[in-house]
Structure formats: structure tokens, C-alpha cells
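**Q** What follows is a predicted protein model with its sequence.
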Amino acid sequence: MADWHGFYKLSWRERLDKTIENKQLTAEQVALIEAQYDAVGEQQVENYLYNFGVPTGLLPGLPVDGRLVTVPMSTEEPSVIAAASNGARMMRAGEGVKTTIQSRLLRGQVILTDVANVDALQEYVSSNNQALLQAANDAHPSMAKRGGGAKALTVEVLDEQTAIVNVLVDPKAAMGANVVNTMSEAVAEKLTIAGYQVLMAILSNYATEALVKARVAIPVDALATKQGMPGAEVARKIAVASHVEQLSPYRAVTSNKGLLNGIEATVLASGNDTRAVNAALHAYAANNGQYHGLTSWTVQDDMLLGETTLPLMLGVVGGSIGIVPAVKLNHALMDNPTVNELTSIVAAVGLAQNLSALRALVTTGIQAGHMALQAKSLALQVGATTEEVPALTARLQQIGQFNETVARETLATLRHSK
Ligand code: HMG
């Protein structure tokens, strides 16, 4: 059995040697690891070996709150960036996406067990409100100095013995995970001293106090297809598809996955936590007791109206944002948005992504556009060199079939005809 004991204590070179020994890596694999070594990456994660790159492309001209924004998107999936760009193109035919953010607070949960008297707990928190908030803010004073910090406490009773003291924090330009955890632990300490049993203190990623609403109105004519379906017909079908997503959780999960194609790619490129966003969005999709689509599309007169409300807690400082050069570059490509601007951009990308997917689904079907772009990956999959990819994908487009057998045969034919 391979021995990995103490792997984390080794230097990067020693870890690589150990991995070569334990996994019998080939020279080619070692060269790949060496080429992808990154000194910043080594500081970011434990047992670091190499950086796993995610392709990053640009969505140009996303119309958000009166500006046209360039959005870097990091994703491995073909057609996502093209679809988002296509959505932005259609949105530009109207006035673009308009967003509103009413509050931006992150919740910490101090979970108490064996509570003898929940009314007494309510009373304790209410009469010690200022002292508890002060304890939270003293634990991370710079946040209050910036005008943020712990703003409110609420008590939530789960059953006769279990309750949660919620700490609502404004983390200003940060996403806030660390600050909220620190502040929640400070409140937990006070409650422990007061005799309460604290089970844990941790933020909640269900960011319902940080909702962004994004709306767009698109003239239906902008939705007409090259194949001849009139825009009004496309818009009507998109509205029906949107209705179905409110009724069928099976359809809603797929649609929300499509929305997340864009959202996650943008969140990742911006150096934010994709898992936190994913978890919050899926929870919010079940906020009325049944999992539903996160967007709504309706037709009014000659306009297609799109709307989404999303719990989005992002940051423009903190975490990997200040330390990873590519993340800094991505922020610069977006003209260094404020945290609210970034939130609005992400919501708008989601709407654009969902619009394109729905339009494709109710017109040509998804495969026509998606598979045409997936052809490049397919070409690589069947062994084409990067030089051979353009010719092979062009030939596959002519044939109109995108499967491994046809791709393999076509590659062989192309090579033979050279
Ligand atoms: P098209 O109509 O052939 O494109 O669409 P076009 O040549 O008319 O170009 C229209 C615009 O699309 C362009 O505007 C570009 O913005 C963009 P222009 O620049 O010419 O003014 N565009 C591209 N951008 C970058 N690279 C390209 C490219 N081609 C067009 N190669 C397109 C082709 C793929 C855009 C269209 O078919 C489409 O939007 N399809 C949807 C694809 C999609 O949603 N993919 C995501 C993966 S599928 C999935 O996971 C989600 C899903 O299951 C979700 C759900 O079920 O709801 C579908």
C-alpha cells in the first residue's frame, strides 16, 4: 500500500516525488504537473500539486443598469459563453437588464440546545442586544469602522429546547464568510458565559437577506430565428416553457442548471465561492415548498418580460480575490465593479443564459447550437490535434452529425486525403 503519511509536511518538490513514486506517473504526466505549478496556488490549498485550469472566455456587451459590461466566464462546457453572448445580444434590443438590491446582510447562526425556557432566551437577547452586537463588532472592529458589521440579532425557536440566535452582518465589499463566523463565535461565547449550551456558531449560506432582483424587457422581434420562426411565436413559447418550470421540478432543475451555467462561470471567474452560490440558489428555488424555476418569462404586448430574484452573496475583496492575479485581471475586465455591481452582473448573466437556452429549446432544439460548438471538444476526444480541429469541426458541421463514430471516420478520411 502506498504510504502518504506526512504528505502535507513535504515541500512541493518532495510531494511531487512522492506522487511519482506512489502513482508511477509517466514523464508526460510529471511534465504536465510541473508546467501547471503555481506559487500562489501552493499557498491557497493544502497538499498542493498543480493548478487545474478552467477555460475562460469573454461575454461582451452585457447590458446591465445602463452600462455595457464585459464579463469573463470560466467554464469547461462548450456553448455556455456563446449562449450568454446570444442572450446579451437579444437583451440589447431593449433597454437591457435593470436590477435592484434591497439589502445585503449575511446571517450567522448561533445554535443553542437544551434551552430551558425559550421565552427567557428571547428576553435575554432583547435586553442584551447592544452588548451582544458590541461583542460581535469587537471581534472584527474594522468592519464596523467601514460602516458595516453586526447590525441585528433575532431569535428563532426550532422546538421547545432548540433555538437559534441569528447575527445579521453587513460585510461591506466582502462576501463575509470569515467575518460572520468570527462574529458568531463571539456572540456564542457571550451566550455560553450566560449559561446557554452552544452547539455551533456558523454562517448560513442561504442568503435571503441579500436578494437581487433582475428584470429585462425585450422586443419580441429580437427573438425571431434565422430558421423563420417569428419573434412573437418564440416569445409565446418561452413564456409557456417558463410556466412549465414552475410546475415540474424535473424541468426546473435542468433550467436552473442552465441558469447556473452562466452564474457559476461568472462567480468562479470573479474569485467567489461557487458552492455557496449554488447551495443558496437551489434552496431558494424551493422557497415555496416546491422546487421551481428561478426565472419567470411572460409576454406583454410586443415585449418578452424576464425576471429573476436570487440570493447572491458575493465579494469584491477577501478570499482569493486579492491574491490570484487572474481573478484581479477578471475584475479589471469588468471595470472593477463594486460588490453591488458584480451582484447585478451575475444576475444579468443568469437571465441572459436562461433566455438563450429557452429560445434554443423551443425553436431549433438545444443540440443544433450546442453540439455545433461541442464539435471542437468532440474532435479532440477522437484524437484530432489542435491543428486538425478546425477542418474536422467544419466537416462535422457540413455532415450535421456530432457523434464519436462519425467524428473518428471523418478524421480518418481527412488524414487520408492529405
Ligand atoms: P446562432 O443563432 O446560430 O448564432 O446561435 P448566430 O450566429 O446568429 O449569433 C448570434 C449571437 O450568438 C452572436 O451575436 C454572438 O453573440 C453569439 P454576434 O456576435 O454575431 O452579434 N454567438 C457566439 N458567441 C461566441 N462563440 C460562438 C457564437 N455563436 C454565436 N461560436 C448559439 C448559436 C449556440 C448561440 C445558440 O444556438 C444558443 O444560444 N444555444 C443555446 C446553447 C446553450 O444554452 N448552451 C448551454 C449548454 S446546454 C445546458 O446545459 C442548459 C440547458 O439544459 C438548460 C435548460 O434546459 O433550460 C439547455
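**A** Nice, I can see it.
**Q** So residue 110 belongs to a helix, correct?
**A** No - assessed with DSSP: H, G, I helix; E, B strand; the rest coil, residue 110 is strand; it does not lie in a helix.
**Q** Offset the numbering so it begins at 56, please.
**A** Happy to do that; since the first residue is 56 now, the last one works out to residue 165.
**Q** Please report how far it lies from residue 338.
**A** 20 Å (CB to CB, to the nearest Å). C-betas here are computed from N, CA, C, even on glycine.
**Q** So those two - more neighbours on which side?
**A** Neighbours per residue, other CB atoms under 10 Å: of residue 165 and residue 338, the larger number sits with residue 165, 30 against 16.
**Q** Pull the contacting residues for the more buried one.
**A** By CB atoms under 8 Å, 6 or more residues apart in numbering, the contact set of residue 165 is 219, 220, 221, 222, 239, 242, 243, 246, 253, 255, 256.
**Q** I'd say residue 421 and residue 415 touch.
**A** Yes - the pair residue 421 / residue 415 is scored as a contact, 5.2 Å apart, by CB atoms under 8 Å.
**Q** Pick out whichever of those two has more residues nearby.
**A** residue 415 (20 against 15).
**Q** Checking that one next. Helix, strand or coil?
**A** Classified using three-state DSSP, residue 415 is helix.
**Q** Now name the helix or strand holding residue 457.
**A** Secondary structure from DSSP states H and E places residue 457 outside every helix and strand.
**Q** And it, what's its pLDDT?
**A** Model confidence at residue 457, given as pLDDT, is 87.
**Q** residues contacting it?
**A** Counting by CB under 8 Å, 6+ apart, residue 457 has contacts 422, 426, 427, 429, 430, 433, 451.
**Q** Am I right that the last one is in contact with residue 463?
**A** No - using CB under 8 Å as the test, residue 451 is too far from residue 463 to be in contact (11.0 Å).
**Q** can I assume residue 221 sits in a helix?
**A** No - assessed with three-state DSSP, residue 221 is strand; it does not lie in a helix.
**Q** on that earlier part again, which of the contacts of residue 165 are buried?
**A** 219, 220, 221, 222, 239, 242, 243, 246, 253, 256 (16 or more other CB atoms under 10 Å).
**Q** How many neighbouring residues does the residue lying closest to residue 385 once chain neighbours are set aside have?
**A** Using CB to CB, 6 or more residues apart in numbering and skipping residues adjacent in sequence, the residue nearest residue 385 is residue 127, 4.3 Å away. Neighbours of residue 127 under the rule other CB under 10 Å: 22.
**Q** Likewise for residue 353?
**A** 14.
**Q** Please apply the same query to residue 163.
**A** Quick note: residue 163 (other CB under 10 Å) scores 29 neighbours.
**Q** correct me, but it touches residue 262?
**A** No - using CB under 8 Å, residue 163 is not in contact with residue 262; the gap is 12.0 Å.
**Q** Quick check: the gap between the residue in the chain positioned nearest to the ligand and residue 444.
**A** Residue nearest to the ligand within the chain (CB to the nearest ligand atom): residue 424, separated by 2.0 Å. Note on residue 424: its distance to residue 444, by CB to CB, is 18 Å.
**Q** Equivalent analysis for residue 330, please.
**A** For residue 330, the distance to residue 444 - CB to CB - is 33 Å.
**Q** and if you look at residue 276?
**A** Taken as CB to CB, the span from residue 276 to residue 444 is 36 Å.
**Q** quick one, phi/psi of the spatially closest residue to residue 302 that is not a sequence neighbour?
**A** With sequence-adjacent residues excluded and distances taken as CB to CB, 6+ apart, residue 302 is closest to residue 347, at 7.9 Å. Dihedral pair for residue 347: phi -140, psi 170, per degrees, to the nearest 10.
**Q** contact partners of the helix or strand hosting residue 128?
**A** Following DSSP H and E, one finds residue 128 within strand 122-129. For strand 122-129, the external contacting residues (CB under 8 Å, 6+ apart) are 109-118, 135-136, 139, 147, 317, 320-321, 323-325, 384-385, 388-390, 392, 400, 403-404.
**Q** what does stretch 465-473 give?
**A** By CB under 8 Å, 6+ apart, stretch 465-473 touches 434, 437, 438, 439, 443, 446, 447, 450, 451, 454.
**Q** Now the fourth one, what are its backbone angles?
**A** The phi and psi values for residue 439, taken as degrees, to the nearest 10, are phi -70, psi 140.
**Q** just checking, residue 202 touches residue 227?
**A** Yes - the criterion here is CB under 8 Å, and residue 202 meets it with residue 227 at 6.9 Å.
**Q** ok, those two, which is more surrounded?
**A** Taking neighbours as other CB under 10 Å, residue 202 and residue 227 compare with residue 227 leading, 19 against 8.
**Q** thinking that one is in contact with residue 201, fair?
**A** Yes - the pair residue 227 and residue 201 qualifies as a contact (CB under 8 Å) at a distance of 5.0 Å.
**Q** The most centrally placed residue in the chain - nearest residue in space that isn't next to it in sequence?
**A** Residue closest to the mean C-alpha point of the chain, counted by CA atoms, centre = their mean, is residue 319 at 2.8 Å. Leaving aside its sequence neighbours, residue 319 sits nearest to residue 329 (CB to CB, 6+ apart; 5.0 Å).
**Q** One more: residue 155?
**A** residue 268 (4.9 Å).
**Q** Would you mind listing which of the contacts of residue 457 are buried?
**A** The buried subset of the contacts of residue 457 - by 16+ other CB under 10 Å - is 426, 427, 429, 430, 433, 451.
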